[in-house]
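Student: predicted model and sequence below, questions to follow.
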Amino acid sequence: MDKKIKVPISKEDAASLKAGDYVFLTGTIYTARDAAHKRMQEAMDRGDKVPIELSGNVIYYMGPSPAREERPIGSAGPTTASRMDKYTPRLLDLGLGAMIGKGKRSQAVIDAIVRNGSVYFAAIGGAGALLSKRIISSQVIAYEDLGTEAIRRLEVKDFPVVVVIDGDGNNLYETAVLEYRNKC
């Protein structure tokens, strides 16, 4: 089922999503990869605030290529989400609404998604040039010294994702494999 969702994501919208849903996100999302997650973890360990409001917000695991002429951003494909798994449960417990990446998540992340009524979306790997066309603006807001791994605020319009893990713990990577096996 195709759904249009405004981001940041509300608890009600997150709860309405089911694994396998096609979703188009419009609004503000943030980018953060390994190095930015490590810095946020270190800040939290010191008792400092992280540079983004977590409540309901969406983090896209992506490091863009340089912007082409008259574009706000270059290719913007997802990176492997499992690299952020050691940081993610804490961020979800602090209110992070959703994540966008590619690939499987650890059981600790799945448990935190269920505990917090959050959602894990996948963006299509290898389609970074097409995904970048859904990004209206891009601004570095923290950790500029990290280059492509800096935290960016993105304004997106109809950014296409698929719900992989919903707030009930349904996991498309598992159910799709079972469905395929049953058809063979």
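Tutor: Nice, thanks for sending it over.
Student: point out where the chain drops to low pLDDT.
Tutor: With pLDDT under 70 as the threshold, the chain has low-confidence stretches at 1, 176-181, 183-184.
Student: and the strands in it?
Tutor: Counting by DSSP state E, the chain forms strands over residues 2-7, 22-31, 58-60, 98-101, 119-122, 135-142, 151-165, given from the N-terminal end onward.
Student: could I get those strands as a markdown table with mean neighbour count and distance to residue 84?
Tutor: Every C-beta, even on glycine, is put in place using the N, C-alpha and C of the backbone. Compiled in a markdown table, these are given as follows (neighbours: other C-beta atoms under 10 Å; distance: least, C-beta to C-beta, whole Å):
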| stretch | mean neighbour count | distance to residue 84 |
| --- | --- | --- |
| strand 2-7 | 15 | 18 |
| strand 22-31 | 20 | 12 |
| strand 58-60 | 27 | 8 |
| strand 98-101 | 28 | 7 |
| strand 119-122 | 25 | 11 |
| strand 135-142 | 15 | 16 |
| strand 151-165 | 21 | 13 |
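Student: so which of those is nearest residue 69?
Tutor: Of all the strands of the chain, the one in closest proximity to residue 69, counting by C-beta to C-beta, is strand 135-142 (14.5 Å).
Student: hmm, back to that, do you know which of the strands of the chain lies nearest residue 46?
Tutor: Proximity of the strands of the chain to residue 46 was assessed by C-beta to C-beta; the nearest stretch is strand 135-142, lying at 15.2 Å.
Student: can I get the CA coordinates of the closest one in PDB?
Tutor: This file holds the C-alpha atoms of strand 135-142, laid out as PDB (Å, rounded to 0.1, in the frame of the first residue of the first chain):
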ATOM      1  CA  ILE A 135      15.900  16.300  -2.000                       C
ATOM      2  CA  ILE A 136      14.900  19.900  -2.200                       C
ATOM      3  CA  SER A 137      17.700  21.300   0.100                       C
ATOM      4  CA  SER A 138      20.700  20.200   2.000                       C
ATOM      5  CA  GLN A 139      22.500  22.000   4.800                       C
ATOM      6  CA  VAL A 140      25.300  20.800   7.100                       C
ATOM      7  CA  ILE A 141      24.200  21.400  10.700                       C
ATOM      8  CA  ALA A 142      26.800  19.600  12.800                       C
END
